[in-house]
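In: I'd like to go over a predicted model; first the sequence, then the structure.
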Amino acid sequence: MNRIILVGNGFDLAHGLSTSYKSFIEWYWDEWLYKLRKSHGKTETDELCSFTLKNDRDVWSGFLWYYISPIAKYKGKEVIDEMLEHEEIFTIKICPLLENICNSIEEKNWVDIESEYYQCLLNTEQYPVKELNRQLEFIKTKLIEYLHTIPQPPKEDTIDALFKAPIHKKDISISALQHWYDFVSARCNYNEGEWAALFTNYEFDCKQKPFAIYGDMPERYGLQRQPHYTASEIERMFDLEYLPKALTPNKTLLLNFNYTTIADRYIPHTEAFSIIHIHGELSTPNSVIFGYGDDTDENYSTLEKKNDNEYLKHMKTAHYWEDENYRKMRSFMELAPYQVCILGHSCGISDRTLLNELFEHDNCVSIKPYYHVKGEDKDDYLDKVYDISRNFTNAKKKRERVVNKRYCEPLPQLKAE
């Protein structure tokens, strides 16, 4: 039995890093303030907005250095909001896409930039598609620039343990329990070399040789060694003191949806582990996939029928064909039954097509979300379940595969230094 670990932005946030889209937009406005403070002109523009100073006497640098102390630590958004209140002095034009992004942050304190782009794309009478695509490309470029400023945090033992956790029976859907019994039966028949390889792959420390600990599991409970054990026989062995390490997955795939490599450092460099950056990574900007990923949406077919490739330019599904990552993911899914663990991925609709394939595949036996504790007696477990459910078309599989909250746990939250 294998495991696929889905890592999303919540994983980086759990390390105390400011990698949210909200933080990115705040940085973007800070960059604008810095740019205006250096400007010797009256108008400055980029793909998303323009700033014009109506004052005939000054340029931006002189005006801002006079009215804002050089040592004042104003946030860019604070200054720009103040400018917007004075149309007699400033002309500020903000494109609809950025305006929608900012409105979402104001209303919800978060934003899904890719979903906002898709909503604009569906209304190209108001938002010309080529112009909209240029704006999203610019946002992607700036996002990559911003993420390069994020530091690499140290590894944490509490999170490291999640990548090497055993597969528990209580996590497995009822209809897939036979897969779990087969998994345990196979471990009961491991030879000395196989136990040594498993412990080496997981970098487990053990004073005794693994075979000395686990090699006689059946015999301890009065069972004859045999190729396969019944469910009742396995239940008799289930209270072994050190069973957890014996039930780590055969193979683990880190399916990283982030552009950062923070999660990669938790993966041992052994044959049991592999990593796929399904949306590319910062070290190779041309690999970054940034757009919308739900080609099952009822409006998607409308975009296809327009017979204009500009409408599909930033659909994630098409970009999966540009490299082998998607094919590698599918190959892993076909290897054996697998558990999905979700570490900080929102499971939002902007990735619905890919998540649907993962969650509804016949080899998927369990979906285990790690939730976020918001305060005393408050957490987002149910919100995560709602988001996961939107990626299903088969209600029965959804009810069966999502792990009960009782058997889930919070994703450890680390403080920024």
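Out: Good, I have the coordinates.
In: which parts of stretch 163-180 are buried?
Out: 163-165, 167-169, 171-173, 176, 179-180 (16 or more other Cβ atoms under 10 Å). C-beta: built from backbone N, CA, C; applies to glycine.
In: oh sorry, the question was meant for stretch 68-87
Out: Here stretch 68-87 shows 76-77, 79-80, 83 as buried, counting by 16+ other Cβ under 10 Å.
In: do the same with stretch 15-34
Out: 15, 17, 19-22, 24-30, 32-33.
In: with stretch 365-384 instead?
Out: For stretch 365-384, the buried set under the neighbour-count rule, 16+ other Cβ under 10 Å, comprises 365-372, 380-381, 384.
In: same question for stretch 148-168.
Out: 150, 153, 159, 162-165, 167-168.
In: how much space between the spatially closest residue to residue 229 that is not a sequence neighbour and residue 179?
Out: Excluding the flanking residues, the one nearest residue 229 by Cβ to Cβ, 6 or more residues apart in numbering is residue 185, at 4.8 Å. Per Cβ to Cβ, to the nearest Å, residue 185 is found 11 Å from residue 179.
In: same question for residue 253.
Out: 17 Å.
In: how about residue 386?
Out: Taking Cβ to Cβ as the measure, residue 386 falls 27 Å from residue 179.
In: what about the residue lying closest to residue 392 once chain neighbours are set aside, which SS state?
Out: Excluding the flanking residues, the one nearest residue 392 by Cβ to Cβ, 6+ apart is residue 398, at 4.1 Å. Three-state assignment for residue 398 (DSSP: H, G, I helix; E, B strand; the rest coil): helix.
In: by contact count, what packs against the host helix or strand of residue 359?
Out: Here residue 359 sits within helix 352-360, counting by DSSP states H and E. If you count contacts as 3 or more Cβ pairs under 8 Å, 6 or more residues apart in numbering; DSSP states H and E, helix 352-360 packs onto helix 316-319, helix 325-335, helix 395-401.
In: list the buried ones in the shortest one?
Out: For helix 316-319, the buried set under the neighbour-count rule, 16+ other Cβ under 10 Å, comprises 316-317, 319.
In: take the buried residues of stretch 163-180 and keep only those in strands.
Out: Using DSSP state E, no member of those falls within strands.
In: low-confidence ranges in the stretch 1-150 of the chain?
Out: 70-71 (pLDDT under 70).
In: helices along that one, start to end?
Out: Applying DSSP state H, counting those that start in this stretch to the stretch 1-150 of the chain gives helices spanning 9-14, 21-38, 60-67, 76-84, 96-108, 113-121, 129-147.
In: between helix 21-38 and the fifth one, find me the angle.
Out: Using axes from the mean of the first three to the mean of the last three Cα atoms, to 10 degrees, the interaxial angle of helix 96-108 with respect to helix 21-38 works out to 120 degrees.
In: could you list the buried residues of helix 96-108?
Out: 97-98, 100-102, 104-105.
In: list just the nearest of the residues you listed to residue 58.
Out: residue 98 (26.0 Å; Cβ to Cβ).
In: residue contacts, the residue nearest to that closest one when sequence neighbours are not counted?
Out: Leaving aside its sequence neighbours, residue 98 sits nearest to residue 48 (Cβ to Cβ, 6+ apart; 4.5 Å). By Cβ atoms under 8 Å, 6 or more residues apart in numbering, the contact set of residue 48 is 94-95, 97-98, 135, 138-139.
In: now with 10 Å?
Out: 28, 32, 93-95, 97-99, 101, 134-135, 138-139, 142 (Cβ atoms under 10 Å, 6 or more residues apart in numbering).
In: gap between the two ends of stretch 389-403?
Out: 12 Å (Cα to Cα, to the nearest Å).
In: who touches it?
Out: In contact with stretch 389-403 (Cβ under 10 Å, 6+ apart) are residues 168, 170-176, 294, 296, 339-342, 347-349, 351-362, 364-369, 384-385, 388, 408.
In: if you set the cut-off to 7 Å instead, what comes out?
Out: With contact meaning Cβ atoms under 7 Å, 6 or more residues apart in numbering, stretch 389-403 is reached by 171, 173-175, 347, 349, 352, 355-356, 359-360, 364, 366-368, 385, 388.
In: give me the subset of the residues you listed lying in helices.
Out: Counted as lying in helices by DSSP state H, out of the contacts of stretch 389-403, are 352, 355-356, 359-360, 385, 388.
In: narrow the residues you listed to those that are buried.
Out: Judged by 16+ other Cβ under 10 Å, buried ones among the ones in helices among the contacts of stretch 389-403: 352, 355-356, 359, 385, 388.
In: which one of these sits closest to residue 190?
Out: For these, the nearest to residue 190 is residue 359 (30.4 Å; Cβ to Cβ).
In: ok, of the buried residues of stretch 163-180, which one's closest to residue 261?
Out: Nearest to residue 261 out of the buried residues of stretch 163-180 is residue 163 (Cβ to Cβ; 14.3 Å).
In: about what we covered before: mind putting the contacts of residue 48 into TSV with distance to residue 392?
Out: Converted to TSV, these look like this (distance: Cβ to Cβ, whole Å):
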residue	distance to residue 392
28	35
32	41
93	42
94	37
95	35
97	30
98	33
99	33
101	28
134	35
135	32
138	35
139	30
142	34
